[in-house]
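Participant: Quick one, what's the 3D model for this:
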Amino acid sequence: MRAAAAAPAFVALELAGCGSSGLSDKDYRAKADAICASVRAQRDRLTPASNLEELRAVAQSTIAINTDGLRRFKELDPPGDLKSPHAAIVSRLGETLRLQQQALKAGQTRQTLQSINLRARQTHAALVAAAQRAKLAACELL
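Facilitator: As a prediction, this is how the structure comes out:
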């Protein structure tokens, strides 16, 4: 009788998410790809800059879009097998934002900007590699 009474309590705990490892692979991939698709669509809608002032405005808008994307990615709870690529994506998105902010600082030398661009390319490559490991097609296009 005790075993029969304990069974519903165990099921209730399991349904409540006790010991859960985050979203399912399918749900995680759908949500993560939706975030990446949204970020890309917003960035694609930005008007191309035709002068330095407009370039700064586009860069600031891009930073705002990417900041929101990073926030939304941090809110995801990936399943166990996707935790490592998820952490890499979050880390690379954060690094991308830091590099973008650094590039906007006034008085950057050509050499400093070249260094920022090189690190940005490396960070982007690592982001794409993590997206590929997680099988996030939309994130591979960022």
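Participant: And the contacts of stretch 115-127?
Facilitator: 88-89, 92-93, 95-96, 99-100, 102-103, 108, 139, 142 (Cβ atoms under 8 Å, 6 or more residues apart in numbering). No exception for glycine: its C-beta is placed from N, CA and C like everyone else's.
Participant: Can you name the next helix or strand after the helix or strand of the chain with the lowest mean pLDDT?
Facilitator: Of all regular secondary-structure elements in the chain, judged by mean pLDDT, DSSP states H and E, the least confident is helix 2-15 with a mean of 37. Scanning forward in sequence from helix 2-15 by DSSP states H and E, the next helix or strand is helix 25-44.
Participant: Export that next one to PDB, keeping only CA atoms.
Facilitator: As requested, the backbone C-alpha atoms of helix 25-44 are provided in PDB (Å, rounded to 0.1, in the frame of the first residue of the first chain):
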ATOM      1  CA  ASP A  25      16.900  19.000 -27.700                       C
ATOM      2  CA  LYS A  26      14.100  19.800 -30.100                       C
ATOM      3  CA  ASP A  27      12.700  22.700 -27.900                       C
ATOM      4  CA  TYR A  28      16.200  24.100 -27.300                       C
ATOM      5  CA  ARG A  29      17.100  24.100 -30.900                       C
ATOM      6  CA  ALA A  30      13.800  25.700 -31.900                       C
ATOM      7  CA  LYS A  31      14.100  28.500 -29.300                       C
ATOM      8  CA  ALA A  32      17.800  29.100 -30.000                       C
ATOM      9  CA  ASP A  33      17.400  29.200 -33.800                       C
ATOM     10  CA  ALA A  34      14.400  31.600 -33.300                       C
ATOM     11  CA  ILE A  35      16.600  33.900 -31.300                       C
ATOM     12  CA  CYS A  36      19.300  33.800 -34.000                       C
ATOM     13  CA  ALA A  37      16.800  34.300 -36.800                       C
ATOM     14  CA  SER A  38      15.400  37.300 -35.000                       C
ATOM     15  CA  VAL A  39      18.800  38.900 -34.400                       C
ATOM     16  CA  ARG A  40      19.700  38.400 -38.000                       C
ATOM     17  CA  ALA A  41      16.400  39.800 -39.300                       C
ATOM     18  CA  GLN A  42      16.700  42.900 -37.100                       C
ATOM     19  CA  ARG A  43      20.300  43.500 -38.200                       C
ATOM     20  CA  ASP A  44      19.300  43.000 -41.900                       C
END
